[in-house]
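Student: Pasting the sequence and the predicted model now:
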Amino acid sequence: METVTKYRATGRRKDAIATVELFAGKGEIVVNKKPCDSYFLRETDRLILRQPLEITNTLGKVNVNAKVRGGGATGQAGALRHGISRALSLIDENHRLILRKDGFLTRDPRTKERKKYGLKGARKRFQWTKR
């Protein structure tokens, strides 16, 4: 019996955390036990998570099995892109150079700014009235 080599990596974006498994296959992408096309309804989110596979020419060669939690749809897609990129960099050192050049291995540090006391939100203030 042959063993399948799996490459695991974690990706993060905003409040979303994705755990990604990559292994040789026909190019199926499964997110939370659903096909990626039925999990992500927006076409832009589907494009985002396929970017690292297209750049490294591994789109039809590896299967992606991912679990993602937290955040919204766009944050989850970004977390998956980050996780897939990290897993691809474990497979081949040449992938790492390509992904680093396009910025897919860098974690996007932007998160929601916290609400401050005395204000309506993070920055919006209450309207000042003279009388």
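Tutor: Structure received.

Student: going forward, measure contacts and count neighbours with C-alpha atoms only.
Tutor: OK.

Student: For the protein, just list every one of the strands.
Tutor: Taking DSSP state E as the criterion, the chain carries its strands at 7-13, 16-24, 29-31, 34-35, 62-69.

Student: got the ones you listed as TSV, with mean pLDDT columns?
Tutor: Shown next, in TSV, are the strands of the chain (pLDDT from 0 to 100):
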stretch	mean pLDDT
strand 7-13	96
strand 16-24	95
strand 29-31	95
strand 34-35	95
strand 62-69	95
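
Student: Out of these, which gets nearest to Leu90?
Tutor: strand 7-13 (7.0 Å; C-alpha to C-alpha).

Student: picking up where we left off before, output the strands of the chain in CSV, with distance to Glu54 and mean neighbour count appended to each entry.
Tutor: Formatted as CSV, these follow (distance: least, C-alpha to C-alpha, whole Å; neighbours: other C-alpha atoms under 10 Å):
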stretch, distance to Glu54, mean neighbour count
strand 7-13, 18, 22
strand 16-24, 15, 22
strand 29-31, 13, 20
strand 34-35, 18, 14
strand 62-69, 11, 20
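
Student: among these, which is nearest Arg81?
Tutor: Nearest to Arg81 among these is strand 7-13 (7.2 Å), distances taken as C-alpha to C-alpha.

Student: What strands flank the closest one, and is each parallel or antiparallel?
Tutor: strand 16-24 (antiparallel) (DSSP bridges).

Student: can you give me the angle the strand it pairs with makes with strand 62-69?
Tutor: 160 degrees (axes from the mean of the first three to the mean of the last three C-alpha atoms, to 10 degrees).

Student: which residues touch strand 16-24?
Tutor: With contact meaning C-alpha atoms under 8 Å, 6 or more residues apart in numbering, strand 16-24 is reached by 4-12, 61-72, 75-76, 79-80, 83-84, 87-88.

Student: run the last query once more with 6 Å
Tutor: With contacts defined as C-alpha atoms under 6 Å, 6 or more residues apart in numbering, strand 16-24 is touched by 6-11, 62-71, 75-76, 79-80, 83.
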